[in-house]
Every structure is written in C-alpha cells, then in structure tokens.
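> the following comprises the amino acid sequence and a computationally predicted model.
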Amino acid sequence: MKVLVACESSGTVRDAFIALGHDAMSCDLLESVTKGPHYCGDVRDILSDGWDLLIAHPPCTYLSNSSVWALGDGPYHQKVKPSTLVGEARRQAQREAIAFFRLLWQAPIPRIAIENPTGVASTLICKPTQIVHPHQFGNDASKGTCLWLKGLPALCHTQHIAPRIVNGMARWSNQTDSGQNRLPPSIDRWRIRSQTYSGIADAMAQQWGCGIVTQPELSF
C-alpha cells in the first residue's frame with residue numbers, strides 16, 4: 001500500500017508500515033527525527049498524490065480539552081504570558097484547526113484514520129470511532145487517543161499491560177501516583193507527548209496494512 005502519515009516527525013507510524021513492506025512516507029512542517037521517506041512541508045501539497053491510506057495526527061493545541069480555558073476574555077486571561085493565545089485569537093486558531101481536521105477527512109484517499117486526544121473535535125465535528133490506550137497494545141502507559149476511521153476497521157487490542165493500583169486507582173508507568181504525566185518540563189515535552197506509542201503504530205500497520213474496508217463512513 002502507498003501510505004501517507006501526516007503531521008508526524010517521529011517516523012514511528014511510517015517505519016511500522018515500512019517494516020511490513022509498504023511504501024510509506026511521513027509529512028510534517030518539521031524534519032523527521034529519524035531517517036526515512038519524509039516530506040518536510042505542508043501536507044496539502046501532496047494529499048492528491050494517489051495514496052491508498054492516510055493516517056493523520058493534526059496538531060491538538062487548539063482542539064484538546066486542556067485548551068478550552070483560553071477561549072475566554074475575562075481578567076484572568078489578560079494576565080497570561082504574551083505568547084499564549086487567548087480570547088478571540090484562540091477561538092480563531094481553533095476554527096482553523098477544525099477546518100484543517102475536516103480537510104484531512106475529506107482528502108481524496110479511500111482509507112483515512114485521524115488521531116487526536118479527547119477534545120472539541122468530538123463535539124464540534126463528530127464522535128470518534130473508538131478510543132484506545134497504549135496499555136491495550138503492549139506499552140506500559142495510559143493516554144486516551146481518539147480515532148476517526150473511514151474505510152478501516154477499529155483496531156483490535158493486541159496485548160494488555162496491567163497497571164499498578166494506587167489508592168484504588170489504576171496507574172501506568174507514564175503517570176505519577178496522582179495520575180499526572182511524569183514527563184518533566186522541557187522544550188521537547190510537546191514532541192515526546194505527541195509521539196505515537198510503538199504498540200499502536202505496529203497494530204495500525206498489521207491490521208490496516210491489508211487494506212480491508214469494513215468501517216462505515218462517519219458523516220462530518
């Protein structure tokens with residue numbers, strides 16, 4: 001299959017498909033951090049290049065639930081650092097993010113998967129086909145990931161990783177005992193957190209690489 005992995009600079013999903021013999025290429029405004037076929041530029045430039053499968057990871061900065069606080073215009077929002085978009089600027093950025101999400105979904109490609117965390121896409125666009133976690137695919141981590149699928153089956157879980165239990169609550173290795181993410185602040189924190197876990201990437205390649213079409217199209 002000819003596979004395009006949009007908005008990916010890690011090469012994780014791209015390389016999982018290449019390992020199984022597919023013609024896969026990643027695309028991002030950033031250079032790929034690993035060697036492999038990669039288009040550094042706007043994915044709009046290559047969406048019509050005859051792909052069999054698109055797996056897209058559109059930026060979630062303005063789509064995630066954690067960004068909702070910045071949509072307001074009150075006194076509190078006027079005190080945030082200048083680099084943070086708030087109020088109308090944030091709302092406009094969110095509108096552009098939603099438009100980009102729709103553009104990817106409407107690409108002229110028969111099989112499409114769009115990945116994003118739980119956020120406004122679920123309410124402003126459409127509910128996702130499924131929500132998966134890394135610990136369902138052999139990685140000791142919890143990270144709710146929504147998948148919107150067209151022409152593809154929902155992913156089947158491959159290997160369950162049991163959590164530790166803290167005060168009756170399930171916690172995996174990427175979480176503190178209170179449930180927060182363990183990653184310390186750094187300039188690369190956003191990149192590390194956005195990377196697809198290897199177990200999910202492998203499941204995508206193994207289960208979608210055959211090109212089976214079973215999932216009815218969602219209506220956006």
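Yep, it's here.

> the longest helix seen in the chain: how far from the chain's middle?
If you go by DSSP state H, the chain has its longest helix at helix 87-105. Centroid separation for helix 87-105 versus its chain: 16 Å, with CA atoms, centre = their mean, to the nearest Å.

> tilt between the next helix or strand after it and helix 87-105?
Once helix 87-105 ends, the next helix or strand along the chain (criterion: DSSP states H and E) is strand 111-116. Angle of strand 111-116 versus helix 87-105, following axes from the mean of the first three to the mean of the last three CA atoms, to 10 degrees, is 160 degrees.

> sheet-wise, list the partners of strand 111-116 with their directions.
The strands beside strand 111-116 in its sheet (DSSP bridges) come out as strand 53-56 (parallel), strand 145-150 (antiparallel).

> give me the contact list for the longest one.
Identification of contacts with strand 145-150 by CB atoms under 8 Å, 6 or more residues apart in numbering yields 105, 111-119, 121-122, 126, 128-134, 154-155, 200, 215, 217-218. Every C-beta, even on glycine, is put in place using the N, C-alpha and C of the backbone.

> from those residues, keep the buried residues only.
For those, a neighbour count by 16 or more other CB atoms under 10 Å gives the buried set as 105, 111-119, 121-122, 128-129, 132-134, 155, 200, 215, 218.

> lowest-scoring secondary structure element of this structure by mean pLDDT?
helix 189-194 (a mean of 58; mean pLDDT, DSSP states H and E).

> contact partners of whichever helix or strand comes after that one?
The helix or strand immediately downstream of helix 189-194 is helix 198-208, counting by DSSP H and E. Applying CB under 8 Å, 6+ apart, the external contacts of helix 198-208 come out as 12-13, 15-17, 19-20, 22, 53, 55, 111, 113, 132, 134, 136-139, 145, 152-153, 155-156, 158-159.

> ok, now how distant is the residue lying closest to Ala19 once chain neighbours are set aside from Arg164?
What sits nearest to Ala19 in space, not counting adjacent residues and going by CB to CB, 6 or more residues apart in numbering, is Ala205, at 7.0 Å. Using CB to CB, to the nearest Å, we find Ala205 at a distance of 30 Å from Arg164.

> of the two, who's got more company?
Taking neighbours as other CB atoms under 10 Å, Ala205 and Arg164 compare with Ala205 leading, 24 against 12.

> can I get the strands paired with strand 111-116 in a markdown table with mean neighbour count and distance to Thr196?
Compiled in a markdown table, the strands paired with strand 111-116 are given as follows (neighbours: other CB atoms under 10 Å; distance: least, CB to CB, whole Å):
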| stretch | mean neighbour count | distance to Thr196 |
| --- | --- | --- |
| strand 53-56 | 26 | 9 |
| strand 145-150 | 21 | 8 |
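
> on that earlier part again, the contacts of helix 198-208 in strands, which ones?
Leu53, Ile55, Arg111, Ala113, Val132, Thr145 (DSSP state E).

> could you dump these into a markdown table with pLDDT and distance to Arg171 added?
Converted to a markdown table, these look like this (pLDDT from 0 to 100; distance: CB to CB, whole Å):
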| residue | pLDDT | distance to Arg171 |
| --- | --- | --- |
| Leu53 | 98 | 35 |
| Ile55 | 98 | 29 |
| Arg111 | 98 | 35 |
| Ala113 | 98 | 28 |
| Val132 | 97 | 18 |
| Thr145 | 92 | 18 |
